[in-house]
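J.: Sharing a model prediction with you, sequence too.
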Amino acid sequence: MYGSGLRVTECLRLRVQDIDLYRNALTIRDAKGKKDRQTLLSPKLVPELKIFIQKAIETQSKDNKLGVGSSLPYAFFRKSPNAYKSPAWAFIFPASSLCEHPITGITCRHHLHPTVIRRALKGATIKARILTKRVTCHTLRHSFATHLLSNGTDIRTVQELLGHNKVETTQIYTHVLGKHYAGTVSPLDQL
């Protein structure tokens with residue numbers, strides 16, 4: 001979430017087909033506002049992501065032998081009812097058990113529930129002894145934006161990576177930097 005500026009649900013909804021290990025990019029589908037976008041994928045995450053991808057494909061293969069697979073978007077399921085057999089549709093973070101799709105009623109495997117990630121982050125925060133700050137999954141997204149801006153990335157690029165409609169939404173992060181505009185210092189500080 002920090003390395004790509006993802007919301008928790010965007011992270012959990014990632015499928016094998018959404019990860020481009022060669023271009024170091026992620027495709028976020030049906031995000032807030034029902035929009036798709038591209039964002040960064042840190043090369044540091046590639047080795048571990050390859051392991052998650054392999055495990056997701058293995059889970060998908062086992063499910064396929066039972067005649068089930070990953071949950072699919074409803075409209076897509078009607079167009080391509082056998083897509084659940086494709087490794088491309090496997091969730092990177094699959095749920096530990098099968099469930100019934102709430103719309104179609106078909107048995108499938110969904111992604112992990114957000115509470116799993118939230119609990120893991122809380123445990124990591126305690127382990128890291130970060131006890132005086134409130135840390136949430138969204139904190140990682142905010143940190144992504146703030147660190148990009150503090151390192152000189154232009155605000156329009158950050159806006160695009162985060163999927164904000166308006167640059168004003170992204171400008172909120174310039175105030176977090178302790179500077180009114182990223183990278184701008186008072187002339188007094190240069191004397």
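T.: Sure thing, it's come through.

J.: Which elements pack onto the host helix or strand of Leu149?
T.: Using DSSP states H and E, Leu149 sits within helix 137-150. Counting contacts by 3 or more Cβ pairs under 8 Å, 6 or more residues apart in numbering; DSSP states H and E, helix 137-150 packs against helix 114-127, helix 155-162, helix 167-176. The C-beta positions use only the backbone N, C-alpha and C, and glycine is treated the same way.

J.: any idea of the mean pLDDT in the last one?
T.: When the per-residue pLDDT values of helix 167-176 are averaged, the result is 74.

J.: Equivalent analysis for the second one, please.
T.: If you average the pLDDT over helix 155-162, you get 89.

J.: Okay, angle between that helix and helix 137-150 too, please.
T.: 150 degrees (axes from the mean of the first three to the mean of the last three Cα atoms, to 10 degrees).

J.: low-confidence ranges in this protein?
T.: 174-191 (pLDDT under 70).

J.: Which positions in the longest helix seen in the chain come out as buried?
T.: Longest helix of the chain, by residue count under DSSP state H: helix 46-65. Judged by neighbour count (16 or more other Cβ atoms under 10 Å), helix 46-65 contains these buried residues: Leu49, Phe52, Ile53, Ala56, Thr59, Gln60, Asp63, Asn64.

J.: So which residues make contact with it?
T.: Where contact means Cβ atoms under 8 Å, 6 or more residues apart in numbering, the residues beyond helix 46-65 that reach it are 16, 19, 21, 24, 41, 69-70, 84-85, 87, 89-94, 98, 109.

J.: Okay, and which of these map to strands?
T.: With DSSP state E as the criterion, strands contain Ile19 from among these.

J.: So which of the contacts of helix 46-65 sit within helices?
T.: Going by DSSP H, the helices hold none of those.

J.: Quick one: buried ones out of the contacts of helix 46-65?
T.: Using 16+ other Cβ under 10 Å, the buried ones in the contacts of helix 46-65 are 16, 19, 41, 69-70, 84-85, 87, 89-94, 109.

J.: so which two of these are the farthest from each other?
T.: Greatest spacing in those, by Cβ to Cβ: Leu41 and Lys85 (26.0 Å).
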